[in-house]
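Asker: what follows is a protein structure lacking sequence information:
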């Protein structure tokens, strides 16, 4: 359950729902698998996994939620092959061409005829609500998927004013300064990866396993390039790649944290989740607050 990505949203108002009341509101949109003739389904599941009973799990002011998406896999090449075969049959039988509108209708018919045979692919996105700091943290590398989760939560609650967490100083400007000077803010360290983009043309330089203090990178920055992505460490407990949207990707937690989470011998799944979730959320929220401070605070609150 350790998050691999961090996309944070600022809530406009205090979050007054308890884990229990929120679970009740999510039940109306609980996940149901795709039927034979459905392309996709989207709904809430227990953050504890298939064995969990509740659609939320709360501890220490944090509420965990999870949402599942299931989609039928119908490769476009397969549909195209069936469509071309059907068109050849019509031409051979009727001796006439097939128009655009008829082609679209045939394509729809083929799609629905193949749906019962299609395999289903599922994915789950996790998030937690920090009720004390008015934050929602989504574990997703995709902005669209994070927004989809937020939209589903908004529908369940009736309304939910929230915007992406945005620092006062643009991320590229601060990352460029850190790389140029080789001196990040307190408790932050440079990693071994970066992506540079030219402000004058379309040049992009990407590199991994680099010495980010190398003079060659500084020369690129002096030529007008800026940092779009930068690998960072924080207090030797979290390592990640920060991008220009203030999103933290490929998050890795230090072994010391993972070992601490495994020190106990819980008797139930909920107890194990509680322990890991408490350690992860405390560390992540402290990390987010430190990053905000390093980037000049928050741009504005909704």
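Answerer: That came through fine. Nothing here was measured: the structure is a model prediction, and the numbers come from that model. Numbering: from 1, shown residues only.
Asker: show me which positions of stretch 29-38 end up buried.
Answerer: Across stretch 29-38, burial judged by 16 or more other CB atoms under 10 Å covers 29, 31, 34. Where C-beta positions appear, they are placed from N, C-alpha and C, glycine not excepted.
Asker: mean confidence score for that stretch?
Answerer: The pLDDT scores in stretch 29-38 average 92.
Asker: can you pull the buried residues of the helix or strand of the chain with the lowest mean pLDDT?
Answerer: Sorting the helices and strands of the chain by mean pLDDT, DSSP states H and E puts helix 255-261 at the bottom, at a mean of 86. The neighbour-count check on helix 255-261 (16+ other CB under 10 Å) flags 257, 261 as buried.
Asker: what's the next secondary structure element after it?
Answerer: Using DSSP states H and E, the helix or strand that follows helix 255-261 towards the C-terminus is helix 269-294.
Asker: nearest spatial neighbour of residue 107, chain-adjacent residues omitted?
Answerer: residue 83 (5.5 Å; CB to CB, 6 or more residues apart in numbering).
Asker: just confirm the one you found is within a helix.
Answerer: Yes: when the secondary structure is assigned by DSSP: H, G, I helix; E, B strand; the rest coil, residue 83 falls within a helix.
Asker: hmm, residue 106 and it touching each other?
Answerer: Yes: with contact taken as CB atoms under 8 Å, residue 83 and residue 106 are classed as touching, separated by 5.9 Å.
Asker: contacting residues around residue 234?
Answerer: Shown here is residue 234, whose contacts under the criterion CB atoms under 8 Å, 6 or more residues apart in numbering are 187-189, 287, 290-291.
Asker: give the residue spans of the stretch 151-300 of the chain that score low on pLDDT.
Answerer: Of all residues in the stretch 151-300 of the chain, none has pLDDT under 70.
Asker: returning to what we had before: what's the least confident helix or strand of the chain packed up against?
Answerer: With contacts defined as 3 or more CB pairs under 8 Å, 6 or more residues apart in numbering; DSSP states H and E, the packing partners of helix 255-261 are helix 269-294.
Asker: sorry, back to before: now list the buried members of the contacts of residue 234.
Answerer: Judged by 16+ other CB under 10 Å, buried ones among those: 187-188, 287, 290-291.
Asker: circling back: number of residues surrounding the residue nearest to residue 107?
Answerer: By other CB atoms under 10 Å, 18 other residues sit near residue 83.
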